[in-house]
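Novice: Output the structure for:
(one chain, ligands or ions: 1)
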Amino acid sequence: MSQNTLFDKVWDLHNVADLPGGSSQLFIGLHLIHEVTSPQAFGALKDKNLKVKFPSRTVATVDHIVPTDNQTRPFKDNLAEQMIDTLERNCSTHKIKFFNIGSGSQGIVHVVAPELGLTQPGMTIACGDSHTSTHGAFGSIAFGIGTSQVRDVLASQTLAMNKLKVRQVFCKNKLSQGVFAKDLVLHIINKLGVKAGVGFAYEFAGPAIHNLSMEERMTICNMSIEGGARCGYINPDQKTFDYIKNRRCSPKQENWPKAVKWWKSLVSDKNAIFDDLCEIDAANVEPTVTWGITPGQSIGVNQKIPQLNELCQEDQFIAKEAYEYMGFEPGQTIKNTPIDVCFIGSCTNGRISDLRVAAKIIQNNKVATNVTAFVVPGSEKVAKEAKREGLDKLFQEAGFQWREPGCSMCLAMNPDKLTGNQVSASSSNRNFKGRQGSPTGRTLLMSPAMVAAAAISGHVCDVREFLKNE
Ligand code: SF4
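Specialist: Okay, the predicted model is just below:
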């Protein structure tokens, strides 16, 4: 009886050749490209007089550098204009489908591909962006790659890689009310550590995972990279199939039942053998907030920032750096920390369900006077749906700035940046030093619901207090 994981099955199906030295030449089913990591790769192809091997398996959008206040061309920022112009020319030269601004499908690459039904179970997906792991929510094996690998995939549609080990992260029980996928994944990273996943693919499993919506599953897989895993995935189920059905690029007519049958066959076998197993109790997860400079430095909102002697030796060095940078004292509570900026967006939490949850908290409330708050939809489709539901007005009436789709303040490669040592409550995925555009800016990661609650209160608070009467 077969004892394979989904990872093993998908890897073996895409293994074109075993390379000298032990790595594999892996066929990439879908290559997603954007303006930041593709120009040099296209340049290298041009230098060698090569063509894109499978333009139909390559899809482009623009996300990192787009301004979110005014997207009229040419952009005010010359470098941003140059980057979008280069991508337009490369896509046109190589006949690559490009979802540009105004196409109705532009947005953050990891939001756009699932929306279009491009992301499907059993695929290998690569993109020049770390958070490509997002697509694993559908039971695909999805890797973030560097610029030289973008070049390799453009030229050959393959990638040289060492096979990963697989750790199953089994999440038992259920999340309680007011606790979301973001809290769960921050909790997992805190428990396992930011380097624990090195050399691994994470299979997220258990009732707490299968209770999540597809959008919440994307949040989990999106952040598997923050736990060091090269990719994360969830076995596809009926929710996965229902999400994909009837999307623009999903299999149609007689191909649909064939696809579902095949997708079901890829699920990890009942007695699959994992290289490692760990268990997380979802019932113990609280709304979670980061206090430090890695996504692993987090606590429940009602807990205290750890003292040095409560941490293992390995974590103490980075903790000292974090106390100093963040301006926190060991043993201090995170609750009531004043907030300057609130950001709801990113490929982690800029989807329609995230905006709906945040809007519920915001309703009939106003943003605190000390806070500047932004909502940046993950894609044009998210923005359109939010407007149809009146969420844009609701946010604006509460005092949020409603912006155009893009990565925005997740990475601040566009004009949306923190200034000075502002403290930001952010629904994004990284709290590294300077991540949100100011070298001294401080980021507290949390769920979009927690960001919304912080926007109203003006400080970190427990979102469950806003949900008491529900
Ligand atoms: S939203 Fe952030 S993490 Fe996601 S693709 Fe953009 S910059 Fe990268």
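Novice: So Thr240 versus the ligand, what's the distance?
Specialist: 21 Å (Cβ to the nearest ligand atom, to the nearest Å). C-betas here are computed from N, CA, C, even on glycine.
Novice: whoops, I mixed them up, Thr440
Specialist: 20 Å.
Novice: do the same with Pro236
Specialist: Here Pro236 is placed at a distance of 23 Å from the ligand (Cβ to the nearest ligand atom).
Novice: which SS class is Gly232?
Specialist: What DSSP: H, G, I helix; E, B strand; the rest coil gives for Gly232 is strand.
Novice: That one: how many residues sit nearby?
Specialist: Look at Gly232: counted by other Cβ atoms under 10 Å, it has 31 neighbours.
Novice: per-residue pLDDT, it?
Specialist: Here the pLDDT value assigned to Gly232 is 98.
Novice: likewise Asn469?
Specialist: For Asn469, the predicted pLDDT is 60.
Novice: and after the lengthiest helix in the chain, which helix or strand comes next?
Specialist: Using DSSP state H to define each element, the chain has its longest helix at helix 78-94. Heading C-terminal from helix 78-94, the first helix or strand you meet, by DSSP states H and E, is strand 97-99.
Novice: which residue sits closest to whatever residue of the stretch 151-300 of the chain ends up closest to the ligand, ignoring its sequence neighbours?
Specialist: Using Cβ to the nearest ligand atom, the closest approach of the stretch 151-300 of the chain to the ligand is made by Asn222 at 7.6 Å. Excluding its sequence neighbours, the residue lying closest to Asn222 (Cβ to Cβ, 6 or more residues apart in numbering) is Thr134, at 4.1 Å.
Novice: What's the separation between that neighbour and Gln25?
Specialist: Thr134 sits 24 Å away from Gln25, going by Cβ to Cβ, to the nearest Å.
Novice: Looking at the two, which one has more neighbours?
Specialist: More crowded of Thr134 and Gln25, by other Cβ under 10 Å: Thr134, with 35 against 16.
Novice: do you know how far the more buried one is from Arg217?
Specialist: 9 Å.
Novice: and if you look at Lys163?
Specialist: From Lys163 over to Arg217 (counting by Cβ to Cβ), the distance is 24 Å.
Novice: Comparing these two, which shows the higher neighbour count?
Specialist: Arg217 (28 against 17).
Novice: give me the element that one is part of.
Specialist: Going by DSSP H and E, Arg217 is in helix 214-222.
Novice: Remind me what that helix packs against, helices and strands.
Specialist: helix 109-116, helix 181-192, strand 200-205, strand 231-233, helix 238-244, helix 346-349, helix 352-362 (3 or more Cβ pairs under 8 Å, 6 or more residues apart in numbering; DSSP states H and E).
Novice: Pro405: which of the ones you listed is closest?
Specialist: Taking Cβ to Cβ, helix 109-116 is the member of those nearest to Pro405, at 8.1 Å.
Novice: Residue numbers of the stretch 351-470 of the chain in contact with the ligand?
Specialist: Residues of the stretch 351-470 of the chain that fall close to the ligand, judged by Cβ under 6 Å from any ligand atom: 407, 410-411, 428-429.
Novice: for those, which one is nearest Ile456?
Specialist: The closest of those, once distances to Ile456 are taken by Cβ to Cβ, is Ser428, at 19.5 Å.
Novice: OK, contacts around Gln106?
Specialist: Contact analysis of Gln106 by Cβ atoms under 8 Å, 6 or more residues apart in numbering lists 61-63, 99-100, 112, 379-380, 405.
Novice: Now do the closest residue to Gly199 other than its chain neighbours, the pLDDT please.
Specialist: Closest residue in space to Gly199, ignoring its immediate chain neighbours: Lys165 at 5.8 Å, by Cβ to Cβ, 6+ apart. pLDDT for Lys165: 98.
Novice: Now do the buried residues in the helix or strand Val59 falls within.
Specialist: Per DSSP H and E, Val59 falls inside strand 58-61. Using 16 or more other Cβ atoms under 10 Å as the test for burial, strand 58-61 gives 58-61.
Novice: quick one: the strands in the stretch 201-350 of the chain?
Specialist: Under the criterion DSSP state E, counting those that start in this stretch, strands of the stretch 201-350 of the chain are mapped to 231-233, 276-281, 288-290, 298-300, 341-344.
Novice: Phe343 contacts Ser424, correct?
Specialist: Yes. Contact criterion Cβ atoms under 8 Å: Phe343 and Ser424 qualify, at 5.9 Å.
Novice: Can you check which residues contact both of the two?
Specialist: 409, 436.
Novice: any low-confidence regions in this structure?
Specialist: Applying pLDDT under 70 to the chain picks out residues 469-470.
Novice: Using PDB, write down the CA coordinates of the longest strand along it.
Specialist: Longest strand in the chain by number of residues (criterion: DSSP state E): strand 165-172. Output of strand 165-172 as PDB, limited to C-alpha atoms (Å, rounded to 0.1, in the frame of the first residue of the first chain):
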ATOM      1  CA  LYS A 165      11.700  16.600   3.800                       C
ATOM      2  CA  VAL A 166       8.100  16.800   4.900                       C
ATOM      3  CA  ARG A 167       6.900  17.800   8.300                       C
ATOM      4  CA  GLN A 168       3.200  17.400   9.100                       C
ATOM      5  CA  VAL A 169       1.900  20.200  11.400                       C
ATOM      6  CA  PHE A 170      -1.200  18.700  12.800                       C
ATOM      7  CA  CYS A 171      -3.600  21.300  14.200                       C
ATOM      8  CA  LYS A 172      -6.100  19.600  16.500                       C
END
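Novice: quick one: the residue nearest to Thr337 when sequence neighbours are not counted from the ligand, how far?
Specialist: Of all residues not flanking Thr337 in the chain, Val460 sits nearest, at 4.5 Å (Cβ to Cβ, 6+ apart). Applying Cβ to the nearest ligand atom, the value for Val460 to the ligand is 22 Å.
Novice: Next, the contact list for Val460, please.
Specialist: Residues in contact with Val460, defined by Cβ under 8 Å, 6+ apart, are 289, 301, 334-337, 339, 425, 444, 446, 450, 454.
Novice: want to throw these into CSV with neighbour count and distance to Thr93?
Specialist: Formatted as CSV, these follow (neighbours: other Cβ atoms under 10 Å; distance: Cβ to Cβ, whole Å):
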residue, neighbour count, distance to Thr93
Val289, 27, 46
Val301, 23, 51
Ile334, 22, 51
Lys335, 17, 54
Asn336, 11, 55
Thr337, 21, 50
Ile339, 25, 46
Ala425, 29, 43
Leu444, 22, 43
Met446, 30, 43
Met450, 32, 45
Ala454, 30, 46
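Novice: Mind listing the residues bridging to the residue nearest to Gly199?
Specialist: Beta bridges link Lys165 to Phe200, judged by DSSP bridges.
Novice: Confirm for me that it is in contact with Cys231.
Specialist: No. Counting by Cβ under 8 Å, Lys165 does not reach Cys231; the two are 11.8 Å apart.
Novice: What residues does the residue in the stretch 1-150 of the chain that the ligand sits nearest to make contact with?
Specialist: Of all residues in the stretch 1-150 of the chain, His131 sits closest to the ligand, at 4.3 Å by Cβ to the nearest ligand atom. Contact analysis of His131 by Cβ under 8 Å, 6+ apart lists 110, 144, 222-223, 225, 347-348, 429.
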